[in-house]
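Q: Sharing a sequence plus its predicted fold:
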Amino acid sequence: MRADLHLSDHAIEQARRRSIPLEWILETARHPEDVLPGLHGREVRQKLFRASLARPAFLVRVIVEPDQNCDTVVTVYRTSKLAKYRFRS
């Protein structure tokens, strides 16, 4: 995982539409709890977040196209279906 990171226009729009803070996207892309293989050589990097103690936890999933010079975040979403996505291999 590279320190250099680029967010595609699509990823920025999806983050805005889905109310996912930029800080969470960067934290997930740079320091994921889990990395899974994606389609076409992409990686699915994911991390658990909790907005507050009163709200349930959810998983932020960042789809990354890795590159030698700069990783590109292709899209991002969050899910509450932890059992479905968390730490699968």
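A: Here it is on my side, so go on.

Q: wait, what's in contact with the most centrally placed residue in the chain?
A: Per C-alpha atoms, centre = their mean, the C-alpha nearest to the average position across the chain is that of Val62, at 2.1 Å. Shown here is Val62, whose contacts under the criterion C-beta atoms under 8 Å, 6 or more residues apart in numbering are Ala11, Ile25, Thr28, Ala29, Pro32, Val44, Arg45, Gln46, Val73, Thr75, Val76. For every residue, glycine as well, the C-beta is placed using N, CA and C.

Q: Please narrow these to those residing in helices.
A: Ala11, Ile25, Thr28, Ala29 (DSSP state H).

Q: Which residue ranges of this structure form strands?
A: Secondary structure of the chain by DSSP state E: the strands cover 5-7, 34-37, 43-49, 58-65, 71-79.

Q: now the end-to-end length of stretch 27-42.
A: Between the opening and closing residues of stretch 27-42 lies a distance of 18 Å (C-alpha to C-alpha, to the nearest Å).

Q: what's the farthest-apart pair in the ones in helices among the contacts of Val62?
A: Maximum pairwise distance among the ones in helices among the contacts of Val62 (C-beta to C-beta): 11.5 Å, between Ala11 and Thr28.

Q: Among the two, which residue is more densely surrounded?
A: Comparing Ala11 with Thr28 by other C-beta atoms under 10 Å, the one with more neighbours is Thr28, at 25 against 22.

Q: Please report how far the residue nearest to the centre of the chain lies from Leu7.
A: 9 Å (C-beta to C-beta, to the nearest Å).

Q: who touches both of the two?
A: Ile25, Val73.

Q: ok, the contacts of Val62 vs Lys84, which is closest?
A: Relative to Lys84, the closest of the contacts of Val62 is Gln46; by C-beta to C-beta it sits at 11.4 Å.
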